[in-house]
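A.B. asks: Need the 3D shape of this:
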Amino acid sequence: MFCHRIDDELELGLLEPRHAAALYRLVEENRAYLGRWLSWVADTRTPEAVEAFIQRGLEQFARGDGFQAGIWYRGELVGTTGLHHLDRHAGSTELGYWLAEALQGRGVMTRVVRGLCRLLFGQYGVKRLEIRCQPANTRSCAIPERLGFSREGVLRQVEVVDGERVDHVVYGLLSEEWRRHD
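C.D. replies: The predicted structure follows:
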């Protein structure tokens, strides 16, 4: 199973069925906040929807196509992160993440993404890592900017969130750039 310690306070672990109730509660507690930024929130209204997400993540991991991990801060589930896909031939992947609103602005997600960059560019041998964020989500955009990603462009009206078409800023980081930055 996938487990990765970021530091003394943060650990990532593959989401498993036993985490479904806690993850569902976390989504419910943060529904209004998350719903502004993430399209999947509208479709995640039941514990069964969370269980199905976890099952798809386990299948993704078993195929070697990435992972969906919980973020534990001081032993408490506070968000998730994962790879939307993992193209082993091209050595590229896209990283997604979200964090409970109460922990925003404390550097938690920056530490998580930094730790994942080290893991992905090191152990996984990834050559290119991509992150996409809505331009208005300044906290989310600040993470790749802080970690040396290049702003590569904007995908216009690429997603529907809360009934509105939204853009994504695309950030990219290459392994050689990470080695210079880290």
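A.B. asks: so who does the residue lying closest to residue 21 once chain neighbours are set aside touch?
C.D. replies: Closest residue to residue 21 in three dimensions, ignoring its sequence neighbours and counting by C-beta to C-beta, 6 or more residues apart in numbering: residue 47, at 6.7 Å. No exception for glycine: its C-beta is placed from N, CA and C like everyone else's. Residues near residue 47 by C-beta atoms under 8 Å, 6 or more residues apart in numbering: 20-21, 24.
A.B. asks: Among these, name the buried ones.
C.D. replies: Buried residues within the contacts of residue 47, counting neighbours by 16 or more other C-beta atoms under 10 Å: 20, 24.
A.B. asks: Restricted to helices, list the contacts of residue 47.
C.D. replies: Cross-referencing those with the helices (criterion: DSSP state H) gives 20-21, 24 as the overlap.
A.B. asks: Just the C-alphas of stretch 169-177, formatted as CSV.
C.D. replies: As requested, C-alpha coordinates have been extracted for stretch 169-177 and formatted as CSV (Å, rounded to 0.1, in the frame of the first residue of the first chain):
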residue,chain,number,x,y,z
VAL,A,169,-4.3,27.8,-15.0
VAL,A,170,-1.8,25.1,-16.0
TYR,A,171,1.4,24.9,-14.0
GLY,A,172,4.2,22.6,-15.0
LEU,A,173,7.5,21.5,-13.5
LEU,A,174,10.2,19.4,-15.0
SER,A,175,12.5,17.1,-13.0
GLU,A,176,15.6,19.1,-13.9
GLU,A,177,13.9,22.3,-12.7
